Every structure is written in C-alpha cells, then in structure tokens.
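>>> what's the 3D shape of this:
(one chain, ligands or ions: 1)
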Amino acid sequence: MPDSDGDSDVLANAGRLLEMVNSSWMPQALRTAAELGLADLLAPGPRSAADLAEATSTHAPSLHRLLRALVAIDVVAERDDGSFALTPSGRLLQADVEGTVRSWVIYQGRDVWDEWGLMLEAVRTGRSGRELATGKRGDWKPGFEPLRDDPERAAIFNKAMAELTRLNTRSIVAGYDFGRYPRVADVGGGYGELIAAVLAAHPDLRGVLFDLPHATESARPHLEKSGVLDRCEVVSGSFFDEVPAGADLYVMKSVIHDWDDERAAEILATVRRAMGASATLLLVERLMPERMQPGPEFRALARADMNMLVAHAAPERTEAQWRRLLESAGFFVAGVRPVTATATGIEAVPAG
Ligand SMILES: C[S@@+](CC[C@H](N)C(=O)[O-])C[C@H]1O[C@@H](n2cnc3c(N)ncnc32)[C@H](O)[C@@H]1O
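Numbers count the residues shown, from 1 in each chain. This is a model prediction of the structure:
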C-alpha cells in the first residue's frame, strides 16, 4: 500500500495530467464567445445573460452557463446585480481593438480544431493533421491549400496572423535596423502587418508585399489604414515559382517554419535567385532549444512545434538546424539575435 506521501504524489500528478487534458473546454468557450461577438456586445457596458441571449439569438440558460464559465477564466466578471462585464482579457475578444486576438481564437477553436485531434495519425504517418483531415473529407489539401477556395477561412487566417504579428511589430521594428535598406520585400507577408509597420517607422523606405492571392487580394485596405499604400507594391504569386527581384532586404517572418527541409530549401533557392549579390535575407522565427525541459517557456515552444506538426508536417528548428538549412541553400549566416521575447532574427546573405 502506498504511504500517505505516495498517495498525495499520485493525486498531485494525476491532477496535473487531468488539468491538462480537461482544458479543452477553454478554447471552445473562448471561440464560442468570440463567434457570438459577446465582447463587442459588452463593450458599451454590462448586460444580463437574458439580454445577451436575445442579442445573439442563443438559448438563454446555456448562454448564462457559458458566461459563468467565462468568469472562471477571467474573461467576464459577474456583478452583484447578476449582469456580466468584460475584464481586461475579455476586451481583447472585441473585433477591432488594439491587441485583439479574436480571429486567432476563432481560427484555433473552429478552423483547425479537428487537425489537433489527428496528432496520433500525424505522428504515425509523418503527414500533417490538415492533410489527413481534408483527406477524410475526400480531398487532400495540405498546407495553405484549404485557404484557396474558402474566402471565410482565408480571411480569419490572415486576420489571425496579422493579430499575432501586430503584438510584436513594435519590438521587431525597434530591434532590427530596417533603415539601412531602401527597398524591403516581405515575402509571405500576409495582409502586410509587418511591412506596414516597417514603412510607417521609416518614411524613406519603399516596400513590396508578396503572398498568395488569398492574402494579397485583401491586403490593400490594411496598408492604406497604415498610410503606406503609396510606398508599398503588392505582388501575388507563389514563392515556389518566383519572388520579386531588386529588394535590398527580404524579410520572411513565420514562413519557412511552415515547410519541411526539402520544401524550405526550394523556397530559399527561389528567394536567393531574386536577390542581388548585396541583398540581405532576414528570417524571423522561433528557435527551438537543443534540449527540452519542463516549464512555461518550453511549453510555448512545444506548442509551436506541435502546431507545425499537425498543420504542416513541418518543424520548428534549432539554431543549428536553421544554419544548416540556410547554408545548404547557398546562404552565409551573418547574425542571429532576438527581435522579440520569443522570436529571433536570422540574418543571411548570399554565400560566395
Ligand atoms: C504563417 S503565415 C505568416 C504571415 C506573416 N509573415 C506573419 O508573420 O504574419 C505564412 C504565410 O506564407 C504564405 N504562403 C504560403 N505559401 C505561399 C506560397 N507558395 N507563396 C507565397 N506565400 C505563401 C501564406 O499565405 C501566409 O501568409
């Protein structure tokens, strides 16, 4: 029989596992709140559950329970009169506020939810959860292909990426000397969140935003809102074919991590062909540690790597892996330094 210390260890360890595995209600509660637009409805002030149920055409007792659940994760607060108010975190579920993560919440809870459930098959087969999930529906669509014919999914994805990037643009723009490069191309730049911030900070620079049509077709309003559209060319295409030539700096943020080594090398070769001998490539990516350990920082990296596994069958990479990849694609790594709390700038120039 285990002694009482043994019992409490077992209880604590089981509790830890149960807490992790039982946490899947949280993304779904957040996604439900985000899709119903509860934060925008609560932005002017507190409201009752019945009032919110009417405004969202939902089942009042169930919505009341959701609101009480959201209290437990500090997204709303219940007031003495029974009405609900937004907390500071809850405010970031509004569609159009500084720091919003609403689209990311919807994308994770709705559009890619089934991919996470296919991790076992992804590990067994080396294929991505996305490919397996779409395959089960009869059409194999890996990578970014599901976005091609689904404008709603594409819009949520692009907005979600822009939201995450927006949280870091100040740090990236302050942490890297973009001012040295008269013409900056953002390859795989989505809706242009980063290039817009770079151009806004450097009024003499010109920019190029390059991405697939699902992103570039709706990027102009974002560039216009930032007041940089007149200095930013928007080019649609695939980086497996060609990228615009003639930029002094090619930035790729959170792009190469979506691809396995073979495809990543093909993309880098296309970029290398477009670059003049004196141009620079800046990858902004996470660095995986050589050895994992328990802890919150490592959990965030593990999540990112597992996200790449299920979405793309691609890896987050260690510094050594980034260096090997770039060197094999004909680059010399000129510098590796942090540009945000979680992302690193890997600067490379054409070798030889
Ligand atoms: C993870 S997102 C990063 C977006 C943006 N750089 C950011 O950090 O917010 C990857 C981007 O690569 C783009 N992409 C994927 N395949 C592409 C291709 N074949 N050619 C050009 N862009 C592509 C996607 O459309 C998407 O915008």
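>>> list the contacts of the closest residue to the ligand within the stretch 51-200 of the chain.
Distances between the stretch 51-200 of the chain and the ligand by CB to the nearest ligand atom are smallest at residue 188, namely 3.2 Å. (C-beta placed from N, C-alpha, C; glycine too.) Neighbouring residues of residue 188 by CB atoms under 8 Å, 6 or more residues apart in numbering: 210-211, 239, 252-255.
>>> if you set the cut-off to 7 Å instead, what comes out?
By CB atoms under 7 Å, 6 or more residues apart in numbering, the residues touching residue 188 are 211, 239, 252, 255.
>>> who in this structure is up against the ligand?
Proximity of the chain to the ligand, by CB under 6 Å from any ligand atom, involves residues 144, 161, 165, 188-190, 193, 211-212, 215, 238-240, 253-255, 258.
>>> narrow those residues to those in strands?
Secondary structure defined by DSSP state E assigns 211, 253 of the residues of the chain next to the ligand to strands.
>>> the residues of the chain next to the ligand, buried ones only, as a ChimeraX selection?
Typed into ChimeraX, the next command selects the buried ones out of the residues of the chain next to the ligand (criterion: 16 or more other CB atoms under 10 Å):
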select :144,161,165,188,189,190,193,211,212,215,239,253,254,255,258
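>>> show me where the stretch 1-150 of the chain has its helices.
With helices called from DSSP state H, counting those that start in this stretch, the stretch 1-150 of the chain shows them at 4-21, 25-36, 38-42, 49-56, 60-72, 88-91, 102-106, 113-116, 119-125, 129-136, 145-148.
>>> need the CA coordinates for the second one. PDB is fine.
The C-alpha coordinates for helix 25-36 follow below in PDB (Å, rounded to 0.1, in the frame of the first residue of the first chain):
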ATOM      1  CA  TRP A  25     -13.300  23.400 -22.800                       C
ATOM      2  CA  MET A  26     -11.400  26.700 -22.600                       C
ATOM      3  CA  PRO A  27     -10.500  27.200 -26.300                       C
ATOM      4  CA  GLN A  28     -14.100  26.200 -27.100                       C
ATOM      5  CA  ALA A  29     -15.600  28.600 -24.600                       C
ATOM      6  CA  LEU A  30     -13.400  31.400 -25.900                       C
ATOM      7  CA  ARG A  31     -14.200  30.500 -29.500                       C
ATOM      8  CA  THR A  32     -18.000  30.500 -28.700                       C
ATOM      9  CA  ALA A  33     -17.700  33.800 -27.000                       C
ATOM     10  CA  ALA A  34     -15.700  35.200 -30.000                       C
ATOM     11  CA  GLU A  35     -18.000  33.900 -32.700                       C
ATOM     12  CA  LEU A  36     -21.100  35.200 -30.800                       C
END
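>>> that one: which residues count as buried?
Neighbour counts using 16+ other CB under 10 Å place 29-34, 36 of helix 25-36 among the buried residues.
>>> by contact count, what packs against the helix or strand where residue 273 lies?
Per DSSP states H and E: residue 273 is located in helix 261-274. Under the contact criterion of 3 or more CB pairs under 7 Å, 6 or more residues apart in numbering; DSSP states H and E, helix 261-274 touches helix 319-328.
>>> identify the residues contacting whatever helix or strand comes next after the helix it packs on?
Scanning forward in sequence from helix 319-328 by DSSP H and E, the next helix or strand is strand 331-338. With CB under 7 Å, 6+ apart as the test, strand 331-338 has contacts from 268, 272, 281, 319, 323, 326, 344-351.
>>> now do stretch 176-187
192, 194-195, 198, 202, 205-210, 239, 243-244, 246-252, 255, 271, 282, 339, 345.
>>> can you give me the domain boundaries for the chain?
Annotated domains of the chain cover 4-100, 113-350 [automatic domain parsing].
>>> so which of those domains is the most surrounded?
Highest mean neighbour count among these (mean count of other CB atoms under 10 Å): domain 113-350, with a mean of 18.
>>> how far away is the nearest residue to residue 93 once chain neighbours are set aside from the ligand?
Leaving aside its chain neighbours, residue 93 sits nearest to residue 39 (3.7 Å; criterion: CB to CB, 6 or more residues apart in numbering). Residue 39 is 23 Å from the ligand, where distance means CB to the nearest ligand atom, to the nearest Å.
>>> got it, and residue 8?
Distance from residue 8 to the ligand, counting by CB to the nearest ligand atom: 44 Å.
>>> thinking again about what came up before, redo the domains of the chain as a markdown table? Include mean pLDDT.
Shown next, in a markdown table, are these (pLDDT from 0 to 100):
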| stretch | mean pLDDT |
| --- | --- |
| domain 4-100 | 96 |
| domain 113-350 | 95 |
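>>> turn these into CSV, columns for distance to residue 107.
Shown next, in CSV, are the domains of the chain (distance: least, CB to CB, whole Å):
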stretch, distance to residue 107
domain 4-100, 9
domain 113-350, 4
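>>> and the longest helix seen in the chain with strand 331-338, angle?
Counting by DSSP state H, the longest helix found in the chain is helix 151-175. Interaxial angle of helix 151-175 relative to strand 331-338 (axes from the mean of the first three to the mean of the last three CA atoms, to 10 degrees): 80 degrees.
>>> touching helix 151-175 from outside, list them.
Residues from elsewhere that reach helix 151-175 (CB under 7 Å, 6+ apart): 99-101, 103-104, 106-107, 111, 146-147, 190-191, 193-194, 197-198, 201, 214-215, 218, 222, 253, 284, 339-340, 343.
>>> what do you get for stretch 65-75?
For stretch 65-75, contacts defined as CB under 7 Å, 6+ apart pick out 26, 29-30, 32-33, 49, 76-78, 84, 87, 89-90.
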